[in-house]
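>>> Structure for the following, please:
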Amino acid sequence: MLAQQKQEIVALFQAALAPIVAGSDLSPNVVLERPRDPSHGDIACNIAMQLAKPLKMNPRELATRLVAALQADPKAQGLVESADVAGPGFINLRVAASAKQSVVATVLQQGEAFGRGESGNDHHVIIEFVSANPTGPLHVGHGRQAALGDALSSLFESQGHQVTREFYYNDAGVQIATLATSVQARARGFKPGDAEWPESAYNGDYIADIAADFLAKKTVSASDGQPATASGDVDDIESIRRFAVTYLRNEQDQDLQAFGVRFDNYYLESSLYTDGKVEAAVQALVDAGKTYEQDGALWLKTTEYGDDKDRVMRKSDGTYTYFVPDVAYHIQKFKRGFDQAINIQGSDHHGTIARVRAGLQAVNIGIPQGYPDYVLHKMVTVMKNGEEVKISKRAGSYVTVRDLIEWSGNGDVTRGRDAVRFFLISRKADTEFVFDVDVALATNDENPVYYVQYAHARICSALANWGGDVAQLANVDLSPLTNAHESGLLAKLAAYPEMLQRALVELGPHQVAFYLRELAADLHSYYFAHKWLLDDDEPTKLARLALAAAIRQVLRNGLALIGVSAPEKM
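The predicted model follows:
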C-alpha cells in the first residue's frame with residue numbers, strides 16, 4: 001500500500017475516534033500493521049484494544065463502533081473494501097482492488113521520482129567511507145566500504161537529505177614512514193628477500209613501480225591535491241614520502257573511478273596536525289577537566305561516558321594514540337554543520353567507538369550523544385575456481401578491488417563493476433561475505449545481479465515486441481489485474497518507498513538488494529505463468545503490460561540507487 005493511502009486510512013480512523021475521545025485528554029496514535037496471516041486482510045489495527053481501558057469500554061464493542069463509523073465515511077469509498085472485528089478487538093481491513101492497482105499508474109507517472117521523499121529536508125549528513133591509508137591499492141574490504149557507503153549516500157539523497165561523501169586519508173603515522181622506506185629500498189636496488197630489505201616493508205609489485213617512477217623524476221597528482229614531482233634522489237626521504245603518497249592516492253582515485261564511486265571531499269589526517277586541530281582538541285579536553293596525568297601520560301576520563309576504562313591520549317613519548325586525531329576530526333565534522341555523521345569502517349574499528357564518542361561528549365560543545373553513527377562491516381573472502389584467493393601479485397598480500405572488477409567482468413568493466421557493487425551490499429554489513437567470482441560470471445539465476453538485470457531486460461524485450469507507446473500505459477484500465485501473481489506484484493511495488501525509508505533509518509542498504517531480488521523473482525514467475533503478449537483480451541494485455549512497465553521502472557530506480565546498470569538487452 002502506498003504511503004498516501006495509509007495516511008488516508010489513518011485519517012479515517014482518527015475521524016471515527018474524534019467523537020468517542022471528545023472531552024478526554026487522549027491523543028490516539030493510530031498504527032497500521034500487516035496481519036501475520038494474509039487471509040485476515042491487508043491491514044490490522046489494534047487501536048480499540050489500546051483505548052478500551054482509558055475509555056472504560058469493552059474493546060470489541062469499541063472496535064465495532066469504529067468499523068461502523070469508518071464504513072459510513074464517504075472517504076472510505078474506493079479505498080476500503082471491507083472492515084471486520086476479530087478476536088478481542090482487532091480491526092482487519094481489506095483495501096479495495098482499485099486502490100491496490102493504482103500503484104501502477106503512480107509509478108508510471110512519477111518515473112524516476114517514485115520512491116523518493118522529502119523527509120530529510122534541511123538535514124545535513126556526512127558519510128565517510130573507504131578512508132584507506134595511502135600505502136597500497138584498495139583491497140576488497142575497501143570495496144565493501146565503497147559499495148555500502150555510496151549506496152547509503154544515494155539512499156539518504158533519495159529522501160531529500162543533503163549528503164556529503166567524504167574520504168579521510170590516513171596520511172600520517174608509522175605506516176606512511178614504512179611506505180617511504182619501502183620505496184627507498186626499491187629505489188636503491190633492493191627487493192624482498194635481500195638482506196638489506198626492511199623487515200616491515202611492503203612487498204607488492206606496486207612498490208617497484210613507484211620507485212621506478214621516482215627515479216625517473218615523474219610528476220603525479222591526486223584528484224584534489226597539488227602535483228608531486230619526484231626529486232630522483234634516493235636519500236631524499238621526504239620527497240620519496242610525498243611522491244609515494246600522491247602516487248598511491250592517484251592509484252586509489254583510478255580504482256574508485258572504475259568502481260563508479262565519487263567523493264565530494266577529501267580530508268587529510270595530516271592537516272589536523274599542521275592546522276593545530278589535534279592540539280586544540282586536546283586542550284579543550286584539558287580545559288573541560290576531563291583529563292589527568294599519570295605515569296607520564298595524559299589520560300581521558302572515558303569511564304565517565306560508559307567506557308570500561310580510561311584511555312591514554314598522549315603517551316609518555318609525546319605522541320598521540322589512534323583515537324585522538326579521530327576526536328579532532330569529528331569535532332570538525334560537527335563544526336562544519338553536519339547534523340549527522342556516519343562512518344563506514346571495518347569491524348576492527350569497534351574498539352574506538354566508545355572512546356571517540358566519549359571525547360566528543362567531553363568537549364561539551366553540544367555534540368549529540370551517539371555522534372557519529374557507525375556501520376561496521378566484516379571481512380570478505382574471495383573464491384575463484386573453487387578455491388580461496390588470498391594473494392594479489394600486484395598488492396603482495398591481498399586481493400584488490402581492481403582485481404575483483406576485472407575477474408567478475410571477464411574484461412567488461414561495467415559488468416564487473418555491477419557484480420562487485422551488487423554482491424558487496426547484498427548482505428548485512430555485520431555479516432561475513434564470500435565473494436564467488438564464478439557465481440559473478442554466471443549467466444543464470446544463481447547470479448543475483450544477472451537475475452535482477454535480466455528481469456529488467458526481459459520487460460524491455462516484451463515492451464519492444466509489443467511496439468506500442470509505453471507512455472500511454474499510464475492511462476490504461478487496470479481492473480483486469482486481479483490474479484494472485486498480480487496482487488503480489490502490486491503489493492511489492494507499493495512497498496518500495498517504505499522499504500527505502502526503513503533501509504535509511506536502519507542504515508541498511510542491503511535491504512535494497514534484497515527487495516530487487518524478490519521483485520525480480522516475482523516478475524520471472526509471473527512472466528512464465530502469463531504470456532502478456534499472447535493475451536486475446538486486449539484490456540487484459542494492456543493492463544499486464546502496464547504492470548510490467550511499472551516493475552521495470554522500479555527495478556531501474558532501485559538498481560540506480562545502488563550504482564548498478566539496468567541493461568535493456570542481455
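
>>> count of residues packed around Leu493?
Close neighbours of Leu493, defined as other Cβ atoms under 10 Å, add up to 24. (Glycine included, C-beta is placed from N, CA and C.)

>>> Same check on Ala529?
11.

>>> Do I have it right that it meets Ala484?
No - checked against Cβ atoms under 8 Å, the pair Ala529 and Ala484 is beyond contact range at 9.4 Å.

>>> what does the helix or strand Val420 falls within contact?
Taking DSSP states H and E as the definition, one finds Val420 inside helix 413-425. Outside helix 413-425, the residues within contact range by Cβ atoms under 8 Å, 6 or more residues apart in numbering are 143-144, 146-148, 150-151, 258-260, 380, 401, 404-410, 433, 435, 440-441, 447-449, 452-453, 509-510, 512-513, 562-565.

>>> ok, 7 Å please
Contact with helix 413-425 is made by 143-144, 147-148, 151, 258-260, 404-406, 408-409, 435, 440, 448-449, 509-510, 513, 562-565, as judged by Cβ atoms under 7 Å, 6 or more residues apart in numbering.

>>> tell me how far that helix is from the chain's mean position?
Helix 413-425 sits 14 Å away from the centroid of its parent chain (Cα atoms, centre = their mean, to the nearest Å).

>>> Partner strands of the helix or strand following that helix, with direction?
Remark: after helix 413-425, the chain's next helix or strand is strand 433-436, criterion DSSP H and E. With DSSP bridges as the test, strand 433-436 is paired with strand 380-384 (parallel).

>>> Helix or strand next in line after the strand it pairs with, which one?
By DSSP H and E, the next helix or strand past strand 380-384 is strand 387-389.

>>> Partner strands of that next one and their direction?
Sheet partners by DSSP bridges: for strand 387-389, these are strand 380-384 (antiparallel).

>>> So for the partner strand, mean pLDDT?
Averaged over strand 380-384, pLDDT sits at 94.

>>> report the angle between the axes of it and helix 413-425?
Interaxial angle, strand 380-384 versus helix 413-425 (axes from the mean of the first three to the mean of the last three Cα atoms, to 10 degrees): 130 degrees.

>>> OK, contacts around Val312?
Taking Cβ under 7 Å, 6+ apart as the test, what Val312 contacts is 297, 299, 321.

>>> Quick test: name the residue nearest the centre of this protein.
Taking Cα atoms, centre = their mean as the criterion, Leu152 is the residue nearest the geometric centre of the chain, at 2.7 Å.

>>> and that one, what does it touch?
Counted by Cβ under 7 Å, 6+ apart, Leu152 has contacts 127, 342, 507, 509.

>>> From Leu534, how far off is it?
43 Å (Cβ to Cβ, to the nearest Å).

>>> swap in Asp445?
Counting by Cβ to Cβ - Asp445 and Leu534 are separated by 23 Å.

>>> ok, those two, which is more surrounded?
Legend: neighbour count by other Cβ under 10 Å for Asp445 and Leu534, higher for Asp445 (13 against 7).

>>> Which pLDDT value goes with the more buried one?
92.

>>> helix, strand or coil for the nearest residue to it once chain neighbours are set aside?
Once flanking residues are discounted, Asp445 sits nearest to Tyr451: 4.9 Å by Cβ to Cβ, 6 or more residues apart in numbering. Assigned with DSSP: H, G, I helix; E, B strand; the rest coil, Tyr451 falls in the helix class.

>>> In contact with Tyr451: list those residues for me.
By Cβ under 7 Å, 6+ apart, the neighbours of Tyr451 are 445, 517, 520.

>>> Serialize those to JSON lines and add fields for secondary structure.
Formatted as JSON lines, these follow (three-state DSSP):
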{"residue": "Asp445", "secondary structure": "coil"}
{"residue": "Arg517", "secondary structure": "helix"}
{"residue": "Ala520", "secondary structure": "helix"}
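
>>> TSV for those, including distance to Glu238?
Formatted as TSV, the contacts of Tyr451 follow (distance: Cβ to Cβ, whole Å):
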residue	distance to Glu238
Asp445	56
Arg517	52
Ala520	54
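
>>> which one of the contacts of Leu152 sits closest to Leu26?
Leu507 (34.7 Å; Cβ to Cβ).

>>> Wait, that closest one touches Asp373, no?
Yes - counting by Cβ atoms under 7 Å, Leu507 touches Asp373, with 6.5 Å between them.

>>> residues shared between the contacts of those two?
Listed as contacting both Leu507 and Asp373 by Cβ under 7 Å, 6+ apart are Ile342.

>>> Between those two, which is the more surrounded one?
Under the criterion of other Cβ under 10 Å, the comparison of Leu507 against Asp373 puts Leu507 first, with 17 against 14.

>>> so the nearest residue to the more buried one once chain neighbours are set aside bridges to which residues?
In this structure, Leu507 finds its nearest non-sequential neighbour in Val375, 5.2 Å apart by Cβ to Cβ, 6+ apart. Note on Val375: beta-bridge partners Ile344, judged by DSSP bridges.

>>> close enough to count as contact, Val375 and Ile344?
Yes - checked against Cβ under 7 Å, the pair Val375 and Ile344 is within contact range at 4.9 Å.

>>> out of these two, which sits in the busier spot?
Neighbours per residue (other Cβ under 10 Å) separate Val375 from Ile344, with Ile344 holding more: 27 against 20.

>>> roughly how far apart are the more buried one and Val356?
Distance, Ile344 to Val356, using Cβ to Cβ: 15 Å.

>>> Over to Leu519?
In terms of Cβ to Cβ, Leu519 sits 39 Å off from Val356.

>>> One more: Leu17?
Taking Cβ to Cβ, one finds Leu17 at 46 Å from Val356.

>>> So which elements touch the lengthiest helix in the chain?
Counting residues, the longest helix found in the chain (DSSP state H) is helix 538-561. Under the contact definition 3 or more Cβ pairs under 7 Å, 6 or more residues apart in numbering; DSSP states H and E, helix 538-561 sits against helix 97-110, helix 140-158, helix 448-466, helix 484-494, helix 510-529.

>>> Let me know which of the ones you listed is tucked in deepest.
helix 140-158 (a mean of 25; mean count of other Cβ atoms under 10 Å).
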